[in-house]
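In: everything below, folded, please.
(one chain, ligands or ions: 2)
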Amino acid sequence: MLVVMKAQATPEEIQAVCDHIVEMGFRPHPLPGAQRTAIGITGNQGEANRGNLESLSGVAEVIRVSKAYKLASRDVKEEDTVVRFAGSNAAIGGRNLAVIAGPCSIETRDQAFAIASEIAASGAQFFRGGAYKPRTSPYAFQGLGLEALKIMAEIRDKFGLRIVTEALDNETLDLVAEWADVVQIGARNMQNFSLLKKAGRLRKPVLIKRGMSATLEEFLMAAEYVMSEGNYEVILCERGVRTFADHARNTLDLSIVPALHHVSHLPILVDPSHGTGRRDSVLPMARAAIAAGADGVMVEVHNHPESALSDGPQSLYPAQFATMMTELEKIAPVVGRHLTRGVSVPAAAGE
Ligand code: PEP
Ligand code: MN
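Out: Ligands and ions are numbered 1, 2, ... in the order given. This is a model prediction of the structure:
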């Protein structure tokens, strides 16, 4: 259920409705919008009794949300969600395109710094790098763990880049949340419901990658798990699904971008690196992603991809990444977007 407040409802009236929902035994989720605040109600199994919600002061209407996902739905929040990063111009969602780039895995401090300096010079605002890696083989490189998190924190200090990295399980989630700016939940964990719930109790943005065989609804239900716990800063990322096609590692499903924008207010990024598995396909699919309306891209970049410890064949050389930025910058205005280069700290933010 959803309580739509009147445009002129006061904070006190909104609070009173939230308190009332708690008294009814449910959980209120106030989601402020440009025009009015809507309050999502969760915790009700099936059709909840509306009680006298409609008669409370400041309430415009009470609506039944019939979709399985509620807080992720545009029914609850019409405007696009923009995830902002305090003290910088970096944002995911909205008019600006977000570019997240970096190696699949942090291998050494030198490797990570070399790549970070290249991608920062090309104007990326976000740095990615795996510290805890979900590898198909238990014998493959599993990541440097905490050491990698510390290297990335240094990278944020030096270049201003915001850090995106994956939490593999409940054990690593708190550590990742402590060191990173965005907590990534990988494709293999998209339906790890206990991990999603725990991520929902963080106060850090969560980037969820689409499971390899997840439908749009299953993908949004993963977001719903996080949001149902009170964390509304969720970013979706399409990274390809499994099909019969064998010319690429996965089949990048760009058709989910407009379909998601239609039903959800959450930002949607595209990862053409895992989506194709091939360096020569990354740039064309990155262009296509932006043309299709994605809110940005996540790409793997490596200074020596031939000797990378993971995902070398799909990693761009830094010069290719620079080309990608130039091309995306040109495509952006065609679809009403803008690619902001570099992270700037607003003068007013001070120390
Ligand atoms: C990654 O981004 O490094 C990764 C492992 O992605 P996915 O979960 O999409 O396979
Ligand atoms: Mn990878």
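
In: where does the prediction get shaky in the stretch 251-351 of the chain?
Out: 346-351 (pLDDT under 70).

In: one more time with 80
Out: 345-351 (pLDDT under 80).

In: taking it, what residue is nearest to ligand 2?
Out: Asp311 (3.7 Å; CB to the ion). C-beta: built from backbone N, CA, C; applies to glycine.

In: which residue packs closest to that residue, ignoring adjacent ones?
Out: Leaving aside its chain neighbours, Asp311 sits nearest to Cys104 (3.7 Å; criterion: CB to CB, 6 or more residues apart in numbering).

In: surely the one you found and Ser310 touch.
Out: Yes: between Cys104 and Ser310 there is a contact under CB atoms under 8 Å: 4.4 Å.

In: neighbour count: the two, which is higher?
Out: Neighbour count, other CB atoms under 10 Å: between Cys104 and Ser310, Cys104 has more, with 24 against 19.

In: contact partners for the more buried one?
Out: Cys104 is in contact with Gly129, Gly130, Lys133, Ser273, Glu300, His302, Ala308, Leu309, Ser310, Asp311, Ser315, counting by CB atoms under 8 Å, 6 or more residues apart in numbering.

In: check contacts around the first one.
Out: Contacts of Gly129 were listed using CB under 8 Å, 6+ apart, and they are Gly102, Pro103, Cys104, Ser105, Ile106, Ala112, Ile115, Ala148, Ile151, Met152, Ile163, Thr165.

In: highest neighbour count among these?
Out: Among those, the one with the most neighbours (other CB under 10 Å) is Gly102, at 30 neighbours.

In: hang on, Gly102 packs against Met298?
Out: No: the criterion here is CB under 8 Å, and Gly102 misses it with Met298 at 9.0 Å.

In: doesn't Val17 lie inside a helix?
Out: Yes: assessed by DSSP: H, G, I helix; E, B strand; the rest coil, Val17 belongs to a helix.

In: can you read off the pLDDT for it?
Out: As predicted, Val17 sits at a pLDDT of 96.

In: near ligand 2, which residues of the stretch 51-200 of the chain are found?
Out: Cys104 (CB under 5 Å from the ion).

In: any chance you could map the strands in the stretch 51-200 of the chain?
Out: Listed in chain order, the strands of the stretch 51-200 of the chain (DSSP state E, counting those that start in this stretch) span 59-63, 83-84, 91-92, 96-102, 126-128, 162-166, 182-185.

In: what is the mean pLDDT for the third one?
Out: Model confidence over strand 91-92 averages 98 on the pLDDT scale.

In: quick one: the residue nearest to Asp311 from Glu306, how far?
Out: Distance from Cys104 to Glu306, counting by CB to CB, to the nearest Å: 14 Å.

In: can you get me a residue count around the residue of the chain found nearest ligand 1?
Out: Closest to ligand 1 within the chain is Gly186: 3.0 Å, counting by CB to the nearest ligand atom. If you count neighbours by other CB under 10 Å, Gly186 ends up with 22.

In: Ser88: which of the contacts of Gly129 is nearest?
Out: Nearest to Ser88, judged by CB to CB, of the contacts of Gly129 is Ile163 at 12.1 Å.

In: mind listing what Thr10 touches?
Out: Shown in contact with Thr10 (CB under 8 Å, 6+ apart): Gly58.

In: can you give me phi and psi for it?
Out: When read as degrees, to the nearest 10, the backbone of Thr10 gives phi -90, psi 160.

In: hang on, the earlier thing: who touches both of Cys104 and Ser310?
Out: Common contacts of Cys104 and Ser310 (CB under 8 Å, 6+ apart): Gly130, Lys133.

In: which residues does the helix or strand harbouring Phe321 contact?
Out: Assigned by DSSP states H and E, Phe321 belongs to helix 318-331. Outside helix 318-331, the residues that touch it by CB under 8 Å, 6+ apart are 97, 99, 101, 115, 118-119, 121-124, 279, 282-283, 286-287, 290-291, 297, 299, 301, 303, 316, 339, 341.

In: cutoff 6 Å now
Out: Applying CB atoms under 6 Å, 6 or more residues apart in numbering, the contact partners of helix 318-331 are Ala101, Glu118, Ser122, Gly123, Leu283, Ala286, Arg287, Ile290, Ala291, Val301, Leu339.

In: residues in contact with the fourth one?
Out: What that stands for is Gly123. By CB under 6 Å, 6+ apart, the contact set of Gly123 is Met325, Arg341, Gly342.
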